[in-house]
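Colleague: What would the 3D arrangement of this be:
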Amino acid sequence: MDYLPTLKDLFGTKGIVLSLGYISDTFGDTEAENYISENILKDEKMIDAYCSLYKKALELGFQMQDLFMLEGMCTAKLNNAFVIYPNGDIYKCLSGVGRKEFIESTIYKDEELNNYLYPELYKECFNKKCSFIPLCNSGCRFNGYLKTGSKKSNDCQKKLLDELNKKLLTIKYLK
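Modeller: Residues are numbered from 1 along each chain as shown. Below you'll find the predicted structure:
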């Protein structure tokens, strides 16, 4: 947490709204996967660490978002959003960049790009009467791919969103 005071010293807090994220899993048998598997915080440890950072940032005077969100409407789910790799490959998913199974096209082809919104995946969310649909939009396609091998799969994080957001609102408003 030493970097938060340093960030304040360098830039102040006026006009800065911090948005804290977290590192999720990645493909196996890679240097990144080895690092992540050794350092990733999961479940309760991640929630505790996030809340600790959030509280410290508030104490230092930073503005903080009210809610924690996961992915939401990322480039993969938006019609006119994409990532172009230096060789011209086009990706919809930022986490999939550099991975052949996530190449959607190339700048040298004139074709419509796939959109990973997949409205049919929302049915499961609506059936669960999930209140977090606007925050996660049926989850991250990359994480779904890691779990199932298909980009057309939900990555439900309802439990995490519910638990963490209750704690954040308590920290911010019920000091």
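Colleague: Just name the shakiest helix or strand of the chain by mean pLDDT.
Modeller: helix 31-39 (a mean of 70; mean pLDDT, DSSP states H and E).
Colleague: give the contact list for I133.
Modeller: Contact analysis of I133 by CB atoms under 8 Å, 6 or more residues apart in numbering lists Y122, C125, F126. All C-beta spots, glycine's among them, are computed from the backbone N, C-alpha and C.
Colleague: can you check N165 too?
Modeller: N165 makes contact with L67, F68, according to CB under 8 Å, 6+ apart.
Colleague: Quick check: which element contains it?
Modeller: helix 158-173 (DSSP states H and E).
Colleague: what comes up buried for that helix?
Modeller: For helix 158-173, burial by neighbour count (16 or more other CB atoms under 10 Å) applies to K158, L160, L161, L164, N165, K167, L168.
Colleague: swap in stretch 57-73?
Modeller: A57, L58, F62, M64, F68, M69, L70, E71.
Colleague: Just send those residues back as TSV, with pLDDT too.
Modeller: TSV is the format used below for the buried residues of stretch 57-73 (pLDDT from 0 to 100):
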residue	pLDDT
A57	94
L58	94
F62	94
M64	92
F68	87
M69	84
L70	75
E71	65
